[in-house]
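A.B. asks: Sharing a model prediction with you, sequence too.
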Amino acid sequence: MPNPTVGRIVHYRSGNACLAAVVAKIDEQEPARIAVLHVIVPSGAKTTSRERDVRANQDWAADPGTANRTWHWPEREDDE
Ligand SMILES: [Zn+2]
């Protein structure tokens with residue numbers, strides 16, 4: 001999978017949910033790692049949550065227990 005770049009929208013796993021998130025800063029030492037991620041919060045008082053040092057977990061569905069607080073590219077409608 002391609003590394004993220006600033007401005008791309010990815011998914012952030014929060015509990016059992018995929019949330020949309022905007023990449024704000026990449027980790028310079030490890031390009032697959034997101035240094036700062038602005039997560040769009042779908043309900044509640046605040047609209048975004050800033051998460052730091054978020055690692056990639058593209059295969060999270062195979063082991064959902066390890067997915068919390070990781071990012072992955074958004075699933076497509078035709079994904080199995
Ligand atoms: Zn997702």
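C.D. replies: Nice, I can see it.
A.B. asks: Would you mind naming what in the protein lies close to the ion?
C.D. replies: Residues of the chain lying near the ion by CB under 5 Å from the ion: His11, Cys18. In short, each C-beta sits where N, CA and C put it, glycine included.
A.B. asks: what about stretch 7-23, how long is it end to end?
C.D. replies: 5 Å (CA to CA, to the nearest Å).
A.B. asks: who are the neighbours in contact with Asp53?
C.D. replies: Asp53 makes contact with Asp27, Arg33, Ile34, Ala35 under the criterion CB atoms under 8 Å, 6 or more residues apart in numbering.
A.B. asks: quick check, nearest of these to Gly7?
C.D. replies: Ile34 (11.9 Å; CB to CB).
A.B. asks: Need the per-residue pLDDT for the residue of the chain most remote from its centre.
C.D. replies: Each residue of the chain has a distance to the centre, and by CA atoms, centre = their mean the biggest one is for Ala45: 21.0 Å. At Ala45, the pLDDT value in this model is 92.
A.B. asks: three-state assignment of it?
C.D. replies: With DSSP: H, G, I helix; E, B strand; the rest coil as the basis, Ala45 sits in coil.
A.B. asks: what's across from the residue nearest to Ala32 when sequence neighbours are not counted in the sheet?
C.D. replies: Leaving aside its sequence neighbours, Ala32 sits nearest to Ala56 (CB to CB, 6 or more residues apart in numbering; 4.7 Å). Under the criterion DSSP bridges, Ala56 forms beta bridges with Trp71.
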